[in-house]
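>>> sharing a model that was predicted from the sequence below.
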Amino acid sequence: MPNVSPSGPPMAASPLTVAVLEIDDYVGGLGWDQPARLFALVDTARLRTQEPTLADRLGLSEDASAAPLTPIEQDELPAGSPLDEFLGTIAWPDSVVGCALSVERLMLPPSAEASVPEGMSEKQLAKWVAKHPERQEVRMTVAVLRDGARESALRLREKDSPTEVLTGSDLVPGLAEALAATFAE
């Protein structure tokens, strides 16, 4: 059975995977060269019960087959602020069951790791990667729940299609850890 729904994005087994793919599809529709985007994940049924007006504005129906998690995009991240520092300032209300971040980065294939020069600063390394002939642009969407569940979606710019999105719980462990820390008390 193919892992693609008739409407486009791959079908998913867990609610968190569904949410990550929904966010990836949304951000993908905005095109590339986008700023990082932060999302709160809320329980859809609870949102419909506690905030019916907001649920109506978001187009959330009473349909029992609706996605269990609803991503709600947050305000734009502050420009010029390092992502890790910004994430360290976040505290979520109890109504938020998880969060997700979509961010674009350059990456190198594992075969290029041996050629990385030693002793470079982060800024120098970023410039070196940006000029590397094997660099690839990737959009990473990472989500975590308060209970520790994690999911990621990776989309390469050169394979920009909903059917070419790689998903997995441990694809971007550092970013998942940083997002999980936003729920630490």
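All right, it came through fine.
>>> got the contact list for the lowest-mean-pLDDT helix or strand in the chain?
Here the helix or strand of the chain ranked lowest by mean pLDDT, DSSP states H and E is helix 122-131, holding a mean of 79. Contacts with helix 122-131, where a contact means CB atoms under 8 Å, 6 or more residues apart in numbering, come from L106, M107, L108, V116, P117, M120, R135. C-beta: built from backbone N, CA, C; applies to glycine.
>>> equivalent analysis for stretch 165-173, please.
With CB under 8 Å, 6+ apart as the test, stretch 165-173 has contacts from 9-10, 12, 17, 20-21, 24, 140, 142, 149-155, 176.
>>> per-residue pLDDT, S5?
pLDDT, S5: 47.
>>> need phi/psi at the residue nearest the centre of the chain.
Nearest to the geometric centre of the chain sits T141, at 2.0 Å (CA atoms, centre = their mean). When quoted as degrees, to the nearest 10, the phi and psi of T141 stand at phi -120, psi 120.
>>> which strands and helices sit next to the longest helix anywhere in the chain?
Assignment by DSSP state H gives helix 15-29 as the longest helix of the chain. Using 3 or more CB pairs under 8 Å, 6 or more residues apart in numbering; DSSP states H and E, the elements in contact with helix 15-29 are strand 37-43, strand 69-73, strand 96-107, strand 136-145, strand 150-156, strand 166-168.
>>> how about these in CSV, adding distance to Q124?
Converted to CSV, the helices and strands packed on helix 15-29 look like this (distance: least, CB to CB, whole Å):
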stretch, distance to Q124
strand 37-43, 28
strand 69-73, 33
strand 96-107, 14
strand 136-145, 20
strand 150-156, 25
strand 166-168, 29
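>>> compare those and give me the one nearest D84.
Nearest of the helices and strands packed on helix 15-29 to D84, taken as CB to CB: strand 96-107 at 11.3 Å.
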